[in-house]
Each structure stands twice: as structure tokens, then as C-alpha cells.
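>>> requesting a structural model of the entry that follows:
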Amino acid sequence: QVQLVESGGGLVQTGGSLRLSCAASGTIFSLNTMGWYRQAPGKERELVAVITIRGGTTYADSVKGRFTISRDNAKNTIYLQMASLKPEDTAVYYCNLDTRPYWGATPSHYWGQGTQVTVSS
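Now for the predicted structure:
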């Protein structure tokens, strides 16, 4: 089994910064992608940013230039540095891990418990 533990959420003013962390433990194959998703009240969960084991990144258009995702493979940990935060960034942020034993295998999906980020105007 895999566990994802998130930390770093909180309350910040518009224009402020926060750094989220997500540490994964358990059986994690070397082929994996980790990322952050968020869900605001009344809205569907959406992708924020993902990073592959080799460091390739994808960002939602709404966060490009403001958020930076990174990872420490030795620690199975990812980070989301958020800057220039806006009230519309307010949401519960979830860590995600997709992992598979080999290319072509069906990936297993795991989610963290979520961490609240609130940006006040």
C-alpha cells in the first residue's frame, strides 16, 4: 500500500506565498508521476501540476508562471511552491501518485487526504 502525507496548507493574503509538501511511502515503483490537484467548493477536482520521475512537468494554465512543482526522488517527496496567490486559488489541494511496475502496465492511483489553502482578498 501507498500513503501520501501532505503538509503546508494554510491561510495567506492575496499576493502571498505558500509551499506544499507531499511525502509518499510504501510500495512505489520507479515508474511514477506525482502531482497536485485541487477542488474548490462546488467545483470539480482539477489538475494543478504534475511531475514525472524524470522531472517533466505539466501545469494548469491558471497557475503557469506562479506555481512551481518539484520533487526529491530520494525522499519520494514532491513540493508545490505557490506564489502571487489569488483568492481563486482557494481550494483543498490533493497530492496524487500514479505508479506502475513497467511501461504498459495499468497504473495504480493514490490520493492524499488533502490540505486546505485559503487566500484572503
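>>> in the host helix or strand of residue 109, what's buried?
Element membership of residue 109 [criterion: DSSP states H and E] is strand 108-111. Neighbour-count burial for strand 108-111 flags 108, 110 (criterion: 16 or more other C-beta atoms under 10 Å). Just so you know, the C-beta spots here come from the backbone N, C-alpha and C atoms, and that holds for glycine as well.
>>> sort out which residues of stretch 14-26 are buried, please.
Applying 16+ other C-beta under 10 Å to stretch 14-26 flags 18, 20-24 as buried.
>>> could you do stretch 41-54 as well?
Neighbour-count burial for stretch 41-54 flags 48-51 (criterion: 16+ other C-beta under 10 Å).
>>> widest-spaced pair of the buried residues of stretch 14-26?
Pairwise distances across the buried residues of stretch 14-26 (C-beta to C-beta) peak at 20.1 Å, for the pair 18 and 24.
>>> residues contacting the residue sitting nearest the centre point of the chain?
For the chain, residue 36 is the residue whose C-alpha lies nearest the centre (C-alpha atoms, centre = their mean; 2.0 Å). By C-beta atoms under 8 Å, 6 or more residues apart in numbering, the residues touching residue 36 are 20, 22, 47-50, 69, 78, 80, 93-96.
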